[in-house]
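> sequence and computational prediction follow.
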Amino acid sequence: MNREDIMLSVSSGMPEKRWTHTLGVMSTSRQLAEQYGEDADRAELAAIIHDAAKFWPIEQQKNYIIQHELDQELLQYNKELWHAEIGAHLAWAQYGIDDRGIRDAIRYHTSGRAGMTLIEKIVWVADYIEPNRNFPGVDKARELAASSLDQCMLYGLNSTITLLIEKNRIIYPGTLAARNDLLSSLSE
């Protein structure tokens with residue numbers, strides 16, 4: 001399936017506001033890829049698909065994870081993580097994307113993980129700072145992204161983890177691992 005067909009398919013499955021967000025993630029992914037030396041087309045393709053399953057009903061997401069034997073450990077954690085795992089699978093099953101790097105950028109765009117690749121960091125950061133985002137700290141995150149993806153991610157993960165603690169929510173271990181890995185690599 002070509003890029004335009006994928007865009008049409010993905011956009012038809014989400015509200016206009018989410019598609020506007022996706023367009024912001026696409027442009028930010030492209031810009032960051034060009035800045036940091038990643039293939040901009042790969043980063044943009046991951047951005048197109050990153051929220052493809054976000055607006056599926058929760059039961060449909062749960063059933064998809066079970067039926068396709070995806071990472072069922074995710075079912076023990078926040079439902080906001082599920083769409084990323086499904087999106088990575090859809091990239092392969094529905095859109096024919098064999099590039100594991102693209103699929104992993106989709107898979108980890110919400111949670112992060114230890115040992116993230118450049119494309120994974122780009123899509124994670126782009127999703128966090130795209131121009132339509134408006135939350136306390138987003139301007140600081142954008143400033144950090146201009147000079148360091150790792151510093152931006154660490155800032156974003158710290159903010160996310162703090163918010164989850166304040167809301168007394170369970171924190172996905174992969175998110176903690178991503179934060180700790182970045183902190184370790186930045187302190188070396």
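In hand now; what should we look at? Model, not experiment: these values are computed from the prediction. Residues are numbered from 1 along each chain as shown.
> the residue nearest to residue 1 when sequence neighbours are not counted in helix, strand or coil?
Nearest residue to residue 1, sequence neighbours excluded (Cβ to Cβ, 6 or more residues apart in numbering): residue 95, at 5.2 Å. From N, CA and C alone the C-beta is placed, and that goes for glycine too. What DSSP: H, G, I helix; E, B strand; the rest coil gives for residue 95 is coil.
> now residue 95: how far from residue 115?
25 Å (Cβ to Cβ, to the nearest Å).
> what does the top helix by length along the chain rub up against?
Ranked by residue count, the top helix of the chain under DSSP state H comes out as helix 16-36. Helix 16-36 is touched from outside by 10-11, 14, 38-40, 42-44, 46-48, 50-51, 54-55, 118-119, 122-123, 125-127, 129-133, 145, 149, with contacts defined as Cβ atoms under 8 Å, 6 or more residues apart in numbering.
> and the helices in the chain, which stretches?
Going by DSSP H, the chain shows helices at 3-11, 16-36, 40-49, 58-67, 82-93, 100-107, 118-129, 138-145, 149-166, 173-187.
> who's in contact with the most centrally placed residue in the chain?
Nearest to the geometric centre of the chain sits residue 109, at 1.7 Å (Cα atoms, centre = their mean). Neighbouring residues of residue 109 by Cβ under 8 Å, 6+ apart: 46, 50, 84, 120, 123-124, 127.
> cool, and residue 95?
1, 6, 9, 49.
> ok, residue 118 next?
Applying Cβ under 8 Å, 6+ apart, we find residue 118 in contact with 36-38, 149.
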